[in-house]
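S.K.: Any chance you can model this:
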Amino acid sequence: MSIDGIRAIAEKYQSKVTGKLGIGFIDLQTGEKYTLNGTELFPTASVCKVFTLAALYKMVAEGKACDTDRYEMTEDVQVGGSGVLVRLLPGLNPTLYDYAMLMMILSDNTAADFLFRFVGGAEGVTENVLKPLSLDSSKCDLSIKEMFPPCFSDYTIIQTNGRDRKCYLRNPGFLCTNEKDDITTVEDIMKIMKMIYDKKLYSGEVCDKMLHILKMCQTNSRIPKYLPPSVDVAHKTGTLDCLTNDVGIVYTQKGNYLLAMFYNGNVASMEEYAQNDRGRNSDALLADISREIYQEFMK
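M.R.: Down below sits the predicted model:
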C-alpha cells in the first residue's frame with residue numbers, strides 16, 4: 001500500500017464529478033494519512049448521529065445515564081424518513097441502548113431525535129463533544145426533523161427517466177452557509193472516529209460498545225458493498241437527496257484503516273444532478289472508491 005496510490009484513486013474520482021467530493025484515509029497501523037478536500041465543509045446528513053452517539057456515551061461513561069434504562073417513545077418525537085420507530089405505535093419503552101442501536105444501524109430518525117433531545121440538543125452535543133474535541137468546523141445545531149426544511153422546502157420540477165422529479169439543487173440546506181446547521185469536515189469526522197477506535201474518547205469498555213454498534217450498520221451500499229464478507233466495517237452513512245456520505249473503520253487481515261467519504265451532489269452541475277436520480281450514481285461512486293482503496297491497501 002502506498003499513500004501515493006490512495007491519492008491517485010481520490011484524484012481520479014474527483015476528476016469525474018462536478019459535485020464536491022471529500023475523501024479521508026488513515027492507515028491505523030502506521031498513521032499514514034491522506035485527505036482530499038479535508039477541511040471543506042459538507043452537510044452531515046445522518047453522519048451527525050455519530051456526534052449524538054458520542055454525547056450519549058459520554059453521559060454513560062460519567063455515570064449520568066445508564067444505557068439499559070428504558071424511556072417511552074412518545075408521538076411528539078416521531079420523525080419521518082429512515083427507520084422503523086415512526087411506523088410503530090407510541091408507548092414503546094426501548095432502552096437507551098436500543099435507541100442508539102436503531103439510530104446507527106437503520107439510521108432511525110425517531111431514535112436519533114429522541115437521543116438528541118436526551119443529551120441536551122445542540123447545546124449538549126456542542127458542549128460535551130464538539131468543543132472538548134476541538135471539532136471546530138463541525139456544527140450539530142439541528143435535530144433530524146429540523147434538518148429537513150432547508151433541504152426540501154423549495155424545489156423545481158425536472159424530468160428524468162421519463163418521470164417528473166423534484167429537484168433540490170443548491171437548496172440552502174446543502175450549502176453549509178446557514179447560521180444554524182449540521183455540517184462537518186473529513187478531518188473532523190476522522191478525528192472522532194479515530195479516538196473511538198484508539199479507545200481515547202472514553203474508557204475502553206465504552207468505546208468498544210460504540211464500535212460494536214457501528215459494526216452492526218445495515219446501510220451497506222457504500223464502504224462495505226464490494227468488500228469481502230470477512231471484512232468488518234464500523235461505519236455510519238448519511239443521505240439527503242443526492243448528498244451521499246459514509247465514514248467508517250475497515251477491519252482487514254492485513255490491518256485496519258479509517259475511510260471517510262462525502263459527496264455533495266446537490267452542488268453539482270444540473271446534468272450530473274439529473275443523472276444521479278435518487279442518489280443511485282453517488283451511492284455507486286462511493287462504493288467504487290471504497291473498493292479501489294481496499295485493493296490498494298491490501299497490496
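
S.K.: Quick check: the residue nearest the centre of the chain vs L41, distance?
M.R.: The residue lying closest to the centre of the chain (Cα atoms, centre = their mean) is V47, at 2.2 Å. Using Cβ to Cβ, to the nearest Å, one obtains 13 Å as the distance from V47 to L41. (Each C-beta comes from the backbone N, C-alpha and C, glycine too.)

S.K.: List the residues that are in contact with both of those two.
M.R.: Contact with both V47 and L41 is made by residues T184, according to Cβ atoms under 8 Å, 6 or more residues apart in numbering.

S.K.: Any figure for the gap between the residue in the chain sticking out farthest from the centre and D277?
M.R.: The C-alpha centroid of the chain is most remote from G162, which lies 31.5 Å away (Cα atoms, centre = their mean). As judged by Cβ to Cβ, G162 and D277 stand 11 Å apart.

S.K.: Same question for E205.
M.R.: As judged by Cβ to Cβ, E205 and D277 stand 44 Å apart.

S.K.: Ok, Y226 next?
M.R.: Here Y226 is placed at a distance of 21 Å from D277 (Cβ to Cβ).

S.K.: can you give me the helices for this protein?
M.R.: All helices of the chain, identified by DSSP state H, fall at 3-14, 49-61, 96-105, 109-118, 121-125, 144-152, 186-197, 204-215, 270-275, 280-297.

S.K.: Dump these to TSV, plus mean pLDDT and distance to V233.
M.R.: As requested, the helices of the chain are exported to TSV (pLDDT from 0 to 100; distance: least, Cβ to Cβ, whole Å):
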stretch	mean pLDDT	distance to V233
helix 3-14	97	17
helix 49-61	98	14
helix 96-105	98	12
helix 109-118	98	20
helix 121-125	98	24
helix 144-152	96	23
helix 186-197	98	12
helix 204-215	97	7
helix 270-275	96	27
helix 280-297	97	9
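
S.K.: doesn't E296 make contact with S2?
M.R.: Yes - the pair S2 and E296 qualifies as a contact (Cβ atoms under 8 Å) at a distance of 7.5 Å.

S.K.: So between these two, which is more surrounded?
M.R.: More neighbours surround E296 than the other of S2 and E296, with 18 against 12 (other Cβ atoms under 10 Å).

S.K.: tell me the contacts of the more buried one?
M.R.: For E296, the contacting residues are 1-2, 5-6, 9, taking Cβ under 8 Å, 6+ apart as the criterion.

S.K.: can you do 10 Å?
M.R.: In this structure, E296 makes contact with 1-9, 25, judged by Cβ atoms under 10 Å, 6 or more residues apart in numbering.

S.K.: can you check V231 too?
M.R.: 223-224, 250-253, 256, 294, 298.

S.K.: hmm, back to that, out of the helices of the chain, the one nearest L85 is which?
M.R.: Distances from L85 to each of those were compared by Cβ to Cβ, and the smallest falls on helix 109-118, at 3.7 Å.

S.K.: Would you mark the buried spots in the closest one?
M.R.: By neighbour count with 16 or more other Cβ atoms under 10 Å, helix 109-118 contains the buried residues 109-116, 118.

S.K.: what does stretch 252-268 give?
M.R.: 252, 256-268.

S.K.: Can I get those residues in TSV including pLDDT?
M.R.: Listed next are those as TSV, based on pLDDT from 0 to 100:
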residue	pLDDT
T252	97
N256	98
Y257	98
L258	98
L259	98
A260	98
M261	98
F262	98
Y263	98
N264	98
G265	97
N266	97
V267	97
A268	97
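
S.K.: To what extent is A274 buried, counted in neighbours?
M.R.: When neighbours are counted by other Cβ under 10 Å, A274 registers 17.

S.K.: from what I can see it touches T156, true?
M.R.: No - contact criterion Cβ atoms under 10 Å: A274 and T156 do not qualify, at 11.3 Å.

S.K.: anything in contact with each of those two?
M.R.: With contacts taken as Cβ under 10 Å, 6+ apart, the residues that reach both A274 and T156 are 165, 167, 169.

S.K.: Among those, which lie within strands?
M.R.: Helix and strand membership here follows DSSP state E; of those, those in strands are 165, 167.
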